[in-house]
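A.B. asks: show me how the following folds:
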Amino acid sequence: MSTETTAQLSTELRDAPPASFGQLTPAQTGVLADALRSRRERQAAGLNEAAEDALKLVPALARGPVRRILFR
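C.D. replies: This next block holds a predicted model:
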């Protein structure tokens, strides 16, 4: 693994990659890092959408303050 792709993967994993990942080629490591980044972005978007849907259950006058409290 190259230093650059190892750094990318470490960033996405939020930790050092397992030693077994050393067997991956730099291209494979890059694909894995991209897939992890993409999945994390989709997950965050889904959570934001779910939170906004949940806010529809809060009375209209309270939505602003509740949104500020939850999403500082």
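A.B. asks: sec struct for the residue nearest to residue 70 when sequence neighbours are not counted, please.
C.D. replies: Leaving aside its chain neighbours, residue 70 sits nearest to residue 51 (7.0 Å; criterion: Cβ to Cβ, 6 or more residues apart in numbering). (Glycine included, C-beta is placed from N, CA and C.) Here residue 51 is helix, with the state taken from DSSP: H, G, I helix; E, B strand; the rest coil.
A.B. asks: likewise for residue 17?
C.D. replies: Applying three-state DSSP: residue 17 is coil.
A.B. asks: so where does the residue lying closest to it once chain neighbours are set aside fall, helix or strand?
C.D. replies: Closest residue to residue 17 apart from its sequence neighbours, by Cβ to Cβ, 6+ apart: residue 9 at 5.0 Å. Residue 9 belongs to helix 3-13 when assigned by DSSP states H and E.
A.B. asks: quote the end-to-end distance of stretch 49-65.
C.D. replies: 18 Å (Cα to Cα, to the nearest Å).
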